[in-house]
Structures are given as structure tokens and as C-alpha cells.
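Enquirer: Next comes the sequence, and after it the predicted model I'd like to discuss.
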Amino acid sequence: MKRSVWLLLFPLLAHANEIGSQYKEQAEAGDARAQYYLADTYYSSGDESHARYWAEKAATAGEPDAVALLAQMMMKTSWPDARKLAEQAVLAGSSNGEITLAHTLVNTQAGKTDYPRALSLLQKAAENTDSDAAVDAQMLLGLIYANGGEVTEDDAKATFWFKRSSTLSRSGYAEYWAGKMFQEGEKGFIAPNTQKALNWFNVSCLEGNDSGCEELDALSGE
């Protein structure tokens, strides 16, 4: 079980007494992997304090994906520290850490960018389709090519990677989140761009994603 890192930008609503109930007993018994799953579930639900508590316990117990999750959390407060934690996660063998590290390598807030290394990490993770991490790797590859900047903007490559990502998750999912990213922007990586947001919401809608259609209608009416 792994929640998409892009969901962290727009947390899901959930009742506190339901969050992570399937992992709680094992986590409290000291199972590091269950502690990570519980932390990930809390974080995806917007409960960062409980997420950090369980992620730190799992990381201390040697769970590399928990270190990657802590790196994701750190991106909210210190991108350079997030990069350091992501490096540790990658060294410990976390595929999730590869994606988080790649994200910090394309954001100027974390320091000097390294697009070639970011692309290499993402392409490696993207090919391992047995792992849920491939969904996020392919989505970030799509965003990099859709955004341009230090790499040549290439809508064909962006479309290719978004479609692969959506195939592993659900139709129009990656394109929808691309629209949200261009609508909101991310300092140091993606500048808000209404035209690009409209484009990817439209693609998402055409792929049959209702959320993409809703966002397209809302943004078109502004």
C-alpha cells in the first residue's frame, strides 16, 4: 500500500477513528512496515502530527520508505533538508525515496538542480511497474516535460508518461493532477499557468475522468 505523493498536495478527508485501523495493532506491536503504512495513511489524510510520530518510529527501526516519507514532509519546511533525507532513503533502498529525491533535484528551493540525475532516477523507478512508485515516477516525468525549463518542453513525452501513469492508476488521473499542479504552481519548479492547466484538465476529461471535467468547467468559467 502506498499513497501517491501528489495526493499530499490535496489531502483526503477521513474520520480520525477510521484512519489506519488495519495497521494500528501491528504498528503498536513494533512492526516497522506497519508503522510506515500507518504513517503514510495518516499523512495522506492530512494528520501530519500522527504521521510524523509513526514515520519517525518506523525510520528508527530501519524502514527506508519511512525516511522517504519524512523527506516528503520536510519539503513543506526545508527543501535542502528534504533532499538530504531523500538521499538517505535512496541509499537505504527506497524506491519512494528515488522519486522524492528526483523532486528535490528539480526544485531550486532545495539547492542546485540536477535534471539529468532526476530523469535517471525517475526512468529507473518508472520501469518497475510492479511497484506503486512507478505511478508517481511516470507522473513526475510527465510534469518535467510538460513544464520545460531546464529540459526542452515536450508535450508528446509528457502525454506518453502521463498516459502510462494513468494506466497504472485510473484513467485521466495523472493528467488531472498535472492540471492541478499548473493551476496551483510549485515555487522553485512550476509557475502557475492557466493555459496549461486547462489543457491537462481537458485531456483528463476526454479520458473520462470526472474530476478533470469538473475542474475544466470551473476554470473555464472564471
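Expert: Cool, the structure landed.

Enquirer: which residues of this protein fall in strands?
Expert: Assigned by DSSP state E, the chain shows no strands.

Enquirer: quick one: least confident helix or strand in it?
Expert: The least trusted helix or strand in the chain, going by mean pLDDT, DSSP states H and E, turns out to be helix 21-28, with a mean of 91.

Enquirer: which parts of it are buried?
Expert: Across helix 21-28, burial judged by 16 or more other CB atoms under 10 Å covers 23-24, 27. Glycine gets a C-beta too; all of them are placed from N, C-alpha and C.

Enquirer: what separates Gln195 from Asn202, distance-wise?
Expert: 11 Å (CB to CB, to the nearest Å).

Enquirer: Kindly apply the preceding question to Trp79 instead.
Expert: Distance, Trp79 to Asn202, using CB to CB: 31 Å.

Enquirer: the more surrounded of these two?
Expert: The residue with more neighbours, out of Trp79 and Asn202 and counting by other CB atoms under 10 Å, is Trp79; that gives 21 against 18.

Enquirer: Quick one: residues contacting that one.
Expert: 104, 107, 109-111, 188 (CB atoms under 8 Å, 6 or more residues apart in numbering).

Enquirer: pLDDT at it, what is it?
Expert: You'll see Trp79 listed with a pLDDT of 98.

Enquirer: Repeat that for Ser131.
Expert: In this model, Ser131 carries a pLDDT of 81.

Enquirer: doesn't Glu98 make contact with it?
Expert: No: using CB atoms under 8 Å as the test, Ser131 is too far from Glu98 to be in contact (10.2 Å).

Enquirer: For the two, list the residues in contact with both.
Expert: Contacts common to Ser131 and Glu98, judged by CB under 8 Å, 6+ apart, are Ala125.

Enquirer: Show me which of those two is the more surrounded one.
Expert: Under the criterion of other CB under 10 Å, the comparison of Ser131 against Glu98 puts Glu98 first, with 25 against 16.

Enquirer: what sits against that one?
Expert: Counting by CB under 8 Å, 6+ apart, Glu98 has contacts 90, 121-122, 124-125, 133, 137.

Enquirer: What of Asp154?
Expert: Neighbour list for Asp154: 145, 148 [criterion: CB under 8 Å, 6+ apart].

Enquirer: Check the gap between it and Gly188 for me.
Expert: Applying CB to CB, the value for Asp154 to Gly188 is 21 Å.

Enquirer: Hmm, Leu70 is touching Gln88, no?
Expert: No: using CB under 8 Å as the test, Leu70 is too far from Gln88 to be in contact (9.2 Å).

Enquirer: ok, those two, which is more surrounded?
Expert: Higher neighbour count among Leu70 and Gln88: Leu70, with 24 against 18, using other CB under 10 Å.

Enquirer: ok, Asp155 - how many residues close by?
Expert: Neighbours around Asp155, by other CB under 10 Å: 16.

Enquirer: which one is it nearest to, not counting chain neighbours?
Expert: Ala146 (6.7 Å; CB to CB, 6 or more residues apart in numbering).

Enquirer: Pull the contacting residues for that neighbour.
Expert: Taking CB under 8 Å, 6+ apart, one finds 153, 155, 158, 162, 178, 182, 196, 200 in contact with Ala146.

Enquirer: could I get stretch 161-168 in CSV with only the CA atoms?
Expert: C-alpha atoms of stretch 161-168 as CSV (Å, rounded to 0.1, in the frame of the first residue of the first chain):
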residue,chain,number,x,y,z
TRP,A,161,4.4,9.5,-19.4
PHE,A,162,1.0,10.8,-18.1
LYS,A,163,-0.8,8.1,-20.0
ARG,A,164,1.5,5.3,-18.6
SER,A,165,0.9,6.7,-15.1
SER,A,166,-2.8,6.8,-15.6
THR,A,167,-2.8,3.3,-17.0
LEU,A,168,-1.3,2.0,-13.7
